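>>> Provide a 3D model corresponding to the input given below.
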Amino acid sequence: MPYNQSLSVSFPGLILILLDISSSMGAPFGGKLGGIKSVECAKAVNRVLRELGIRCTATDDAGNSYVKNRCEISILAYGSTVTNAFGGNLKSKKFVTMEELIENCIEIETVKVKVSDGAGSLIEVDDEFPVWVKPVASGSTAMGEAFEQAYDLISEWVVQHPESFPPIVMNITDGEPNDMALAKRNALKLMNVGTNDGATLIFNIHISSGRAAQVILPSDVSQLPNGDANAQFLFEISSTLPEIMLAQAKSEGYDVKYGARGFAYNADAETMISILNIGSKDRGQVEYAV
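Predicted structure coming up:
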């Protein structure tokens, strides 16, 4: 049965993030998070990358942390053109290992977070937060071209990793491509590329200006906000969850049904990453270099 391969150093996976940086992403985000779409999306991507780094970091018997390169990352940003969204030392790399990711954030921000004080209350503490992606909102929306470049990257990667879990594409957008027919055609073409373990999976995270409630992993278009053509389009180009991810989604507390698709409306990217079983649940301390 496909989609059974575990992610490991021997058989790493690939997560390819497509990030909409068009001018419409400078508009307010209508979901519960509030704020500007591009800012919230950049925060979400950085949180996802940080979480992936933590999940791929383990601790040895002596208490020393080390990175297991179970996963590789690519990020394409698309506005009027499509570019590598990484900066600094990672700008020229097609595929970034977890070790390279951890060692090459562009800066570290100090943010306030609330944690338990152990006595039932929350206290505010400083937390160091690595940054790989900065918010941008400019130009048109070359989503179709982004899916085409994703196809080229993934076609190259699967030749090198034929036995790995198939690539996962996470497209974060407000759903307004320059050419919807082109975007749909290239997305469906991308779904036909894969490894011996299955076809590429496409997840779409729709950051809308509307104030409709979140919709997570719907199985039918009727669950989407009425009249939102962009949401319907993104639902149509989202992969149906394989059984292993359907089970994982249920274990994470999501009310999902058979036929659920990798689509989220007005939800943050961490919601999607929570159902992606990228391997070990190991946790460890990790330092990010600037």
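
>>> Who is the spatially most central residue of the chain paired with across the strands?
In the chain, the residue lying closest to the centroid (Cα atoms, centre = their mean) is residue 170, at 4.3 Å. For residue 170, the beta-bridge partners are residue 17, residue 203 (DSSP bridges).

>>> Which residues are in contact with it?
Neighbouring residues of residue 170 by Cβ atoms under 8 Å, 6 or more residues apart in numbering: 15, 16, 17, 18, 48, 203, 204, 205, 269, 272. (Each C-beta comes from the backbone N, C-alpha and C, glycine too.)

>>> low-scoring stretches of the stretch 101-250 of the chain, by residue?
For the stretch 101-250 of the chain, the stretches flagged by pLDDT under 70 are 210.

>>> need the strands for it, in chain order.
Under the criterion DSSP state E, counting those that start in this stretch, strands of the stretch 101-250 of the chain are mapped to 107-116, 122-131, 168-173, 194-195, 198-199, 201-206, 215-216.

>>> got the buried residues for stretch 46-63?
Buried residues in stretch 46-63, counted by 16 or more other Cβ atoms under 10 Å: 46, 47, 48, 49, 50, 52, 53, 54, 55, 56, 57, 58.

>>> Make CSV out of these and add distance to residue 259, secondary structure and pLDDT.
Output for the buried residues of stretch 46-63, formatted as CSV (distance: Cβ to Cβ, whole Å; DSSP: H, G, I helix; E, B strand; the rest coil; pLDDT from 0 to 100):
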residue, distance to residue 259, secondary structure, pLDDT
46, 32, helix, 89
47, 29, helix, 85
48, 25, helix, 85
49, 30, helix, 90
50, 32, helix, 88
52, 28, helix, 87
53, 33, helix, 89
54, 32, helix, 87
55, 28, helix, 84
56, 31, coil, 88
57, 35, strand, 87
58, 36, strand, 85
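
>>> Next one: residue 245 from residue 217, what distance?
In this view, residue 245 and residue 217 are 9 Å apart by Cβ to Cβ, to the nearest Å.

>>> same deal with residue 83?
Residue 83 is 30 Å from residue 217, by Cβ to Cβ.

>>> quick one, which of these two is more surrounded?
A direct count of neighbours by other Cβ atoms under 10 Å for residue 83 and residue 217 places residue 217 higher, at 25 against 15.

>>> how many other residues sit next to residue 122?
Neighbour count for residue 122, taken as other Cβ under 10 Å: 10.

>>> how close does the residue lying farthest from the centre of the chain sit to residue 126?
Outermost residue of the chain with respect to the C-alpha centroid, by Cα atoms, centre = their mean, is residue 119; its distance is 34.8 Å. According to Cβ to Cβ, residue 119 stands 20 Å off from residue 126.

>>> ok, back up a step: of the strands of the stretch 101-250 of the chain, which is nearest residue 24?
With Cβ to Cβ as the measure, strand 168-173 is the member of those nearest residue 24 (9.3 Å).

>>> Let's have the buried residues of stretch 46-63 in JSON lines, adding distance to residue 94.
Putting those into JSON lines (distance: Cβ to Cβ, whole Å) gives the following:
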{"residue": "46", "distance to residue 94": "20"}
{"residue": "47", "distance to residue 94": "23"}
{"residue": "48", "distance to residue 94": "19"}
{"residue": "49", "distance to residue 94": "16"}
{"residue": "50", "distance to residue 94": "21"}
{"residue": "52", "distance to residue 94": "17"}
{"residue": "53", "distance to residue 94": "19"}
{"residue": "54", "distance to residue 94": "24"}
{"residue": "55", "distance to residue 94": "22"}
{"residue": "56", "distance to residue 94": "19"}
{"residue": "57", "distance to residue 94": "23"}
{"residue": "58", "distance to residue 94": "26"}
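
>>> the helices in this protein, which residues?
Ranges of helices in the chain, per DSSP state H, are 37-55, 98-103, 143-160, 180-190, 229-236, 243-251, 269-273.

>>> just how off-centre is the fourth one within its chain?
With Cα atoms, centre = their mean, to the nearest Å as the basis, the distance from the averaged C-alpha position of helix 180-190 to the chain average is 19 Å.

>>> Repeat that for the longest one.
For helix 37-55, the distance between its averaged C-alpha position and the chain's averaged C-alpha position is 8 Å (Cα atoms, centre = their mean).
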